[in-house]
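A.B. asks: Coordinates for the following, if possible.
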Amino acid sequence: MSAFRMLFLTMAALIMVGIWLTGFNVVHWLLYLPVAALVFAGVTGICPGYILFQKLGFKGQESGNRV
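C.D. replies: Residues are numbered from 1 along each chain as shown. Sure, this is the predicted structure:
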């Protein structure tokens, strides 16, 4: 498992802990969307947010460049 996938899954788990501590019936349904996207990115390796921002016109990272 790569570090990015583990990061996505950890972020999703932390958000879910926050939802659990607040109460599942109290939080708005919109808060579940980032959790679903992060779990999807962690399991498949395809980040929906990255694809969305590329379609909006932002440039993606090229394979040779390191940050």
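
A.B. asks: contacts, neighbours, all on C-alpha from now
C.D. replies: Fine.

A.B. asks: Now do the closest residue to Ala37 other than its chain neighbours against Ala12, distance only.
C.D. replies: In this structure, Ala37 finds its nearest non-sequential neighbour in Pro48, 6.4 Å apart by Cα to Cα, 6 or more residues apart in numbering. Distance, Pro48 to Ala12, using Cα to Cα, to the nearest Å: 14 Å.

A.B. asks: So if I had to pick from those two, which one is more boxed in?
C.D. replies: Shown here are Pro48 and Ala12; by other Cα atoms under 10 Å, Ala12 has more neighbours (21 against 14).

A.B. asks: can you tell me the helix or strand for the most centrally placed residue in the chain?
C.D. replies: Residue closest to the mean C-alpha point of the chain, counted by Cα atoms, centre = their mean, is Leu38 at 2.6 Å. In the assignment (DSSP states H and E), Leu38 maps to helix 32-44.

A.B. asks: Show me what that helix is packed against.
C.D. replies: Helices and strands touching helix 32-44, by 3 or more Cα pairs under 8 Å, 6 or more residues apart in numbering; DSSP states H and E, are helix 3-22, helix 48-55.

A.B. asks: Which residues are in contact with Met16?
C.D. replies: Neighbouring residues of Met16 by Cα atoms under 8 Å, 6 or more residues apart in numbering: Val35.
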